[in-house]
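K.L.:
The sequence isn't on hand, but the structure is:
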């Protein structure tokens with residue numbers, strides 16, 4: 001955790017080198033697989049936006065650390081929304097109407113992003129390109145605030161993400177949506193070049209997750 005300040009500087013340099021504006025591109029620190037000490041370290045480094053992939057991890061860490069804007073960035077189960085609703089600042093991964101309905105019930109007026117499966121990969125969340133317009137409309141009709149779109153880059157080299165990221169940015173523009181949550185450690189530069197306004201950084205800030213380190217060792 002001591003290295004996070006230097007790692008954060010590296011991430012910021014990468015954003016700038018890719019042509020990004022640090023005032024425009026928000027860094028969301030993803031602490032999946034780490035304990036609450038990672039959240040404390042992120043806050044100490046000046047990062048208030050923290051992302052979690054799993055409901056139980058978010059709930060546990062939120063009970064231990066204050067002053068955090070929590071982002072739920074993983075695949076969401078409808079039955080977890082009731083517990084998460086009082087805590088989540090922004091829901092990144094809304095990919096079907098039923099999730100929106102439950103959020104609207106538990107947190108009226110909440111800020112959400114629609115996740116699009118840009119690579120049509122069955123192992124990843126996200127609605128299809130064809131479903132996105134209707135889903136955005138449904139969420140807006142449910143009085144949720146659709147801030148933008150979100151995607152996970154496809155499996156493969158970073159450059160493989162460019163067509164999908166570019167298409168996502170174009171779609172957000174057609175909808176008049178300001179936010180684009182795309183880009184992780186491997187494909188950060190491509191995402192910034194294609195218009196990301198939020199990048200979700202885990203390994204780049206904290207190093208390999210504990211399970212990854214054990215597997216490698």
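P.N.:
Sure thing, it's come through. Everything numeric in this text was worked out from a predicted model, so none of it was measured. Numbering: from 1, shown residues only.

K.L.:
Which residues lie in contact with the residue sitting nearest the centre point of the chain in this structure?
P.N.:
In the chain, the centroid-proximal residue (C-alpha atoms, centre = their mean) is residue 73; its distance is 4.3 Å. Listed by C-beta atoms under 8 Å, 6 or more residues apart in numbering, the contact set of residue 73 reads 28, 30, 51-53, 92-93, 150, 181, 200. C-beta here means a position set from N, CA and C on the backbone, and glycine is covered the same way.

K.L.:
Got the phi and psi for it?
P.N.:
phi -120, psi 0 (degrees, to the nearest 10).

K.L.:
go on, residue 200?
P.N.:
The phi/psi pair for residue 200 (degrees, to the nearest 10) is phi -100, psi 100.

K.L.:
and the gap between it and residue 103?
P.N.:
20 Å (C-beta to C-beta, to the nearest Å).

K.L.:
and the closest residue to residue 164 other than its chain neighbours, which of the three is it?
P.N.:
Once flanking residues are discounted, residue 164 sits nearest to residue 118: 3.2 Å by C-beta to C-beta, 6 or more residues apart in numbering. In three-state terms, and counting by DSSP: H, G, I helix; E, B strand; the rest coil, residue 118 is coil.

K.L.:
In contact with residue 118, which residues are there?
P.N.:
With contact set as C-beta under 8 Å, 6+ apart, residue 118 has these partners: 126, 129, 151-154, 161, 164-165, 167-168.

K.L.:
Which residue ranges of the protein form helices?
P.N.:
Ranges of helices within the chain are 4-17, 36-44, 55-62, 81-84, 97-106, 132-141, 162-175, 188-193, 203-206, 210-216, based on DSSP state H.

K.L.:
Now tell me which of these the model trusts least on average.
P.N.:
For the helices of the chain, mean pLDDT drops lowest on helix 210-216, to a mean of 45.

K.L.:
Turn the helices of the chain into JSON lines, columns for mean neighbour count and distance to residue 122.
P.N.:
Below are the helices of the chain laid out as JSON lines (neighbours: other C-beta atoms under 10 Å; distance: least, C-beta to C-beta, whole Å):
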{"stretch": "helix 4-17", "mean neighbour count": "15", "distance to residue 122": "31"}
{"stretch": "helix 36-44", "mean neighbour count": "19", "distance to residue 122": "30"}
{"stretch": "helix 55-62", "mean neighbour count": "18", "distance to residue 122": "22"}
{"stretch": "helix 81-84", "mean neighbour count": "18", "distance to residue 122": "24"}
{"stretch": "helix 97-106", "mean neighbour count": "18", "distance to residue 122": "18"}
{"stretch": "helix 132-141", "mean neighbour count": "18", "distance to residue 122": "17"}
{"stretch": "helix 162-175", "mean neighbour count": "18", "distance to residue 122": "15"}
{"stretch": "helix 188-193", "mean neighbour count": "23", "distance to residue 122": "22"}
{"stretch": "helix 203-206", "mean neighbour count": "22", "distance to residue 122": "24"}
{"stretch": "helix 210-216", "mean neighbour count": "10", "distance to residue 122": "23"}
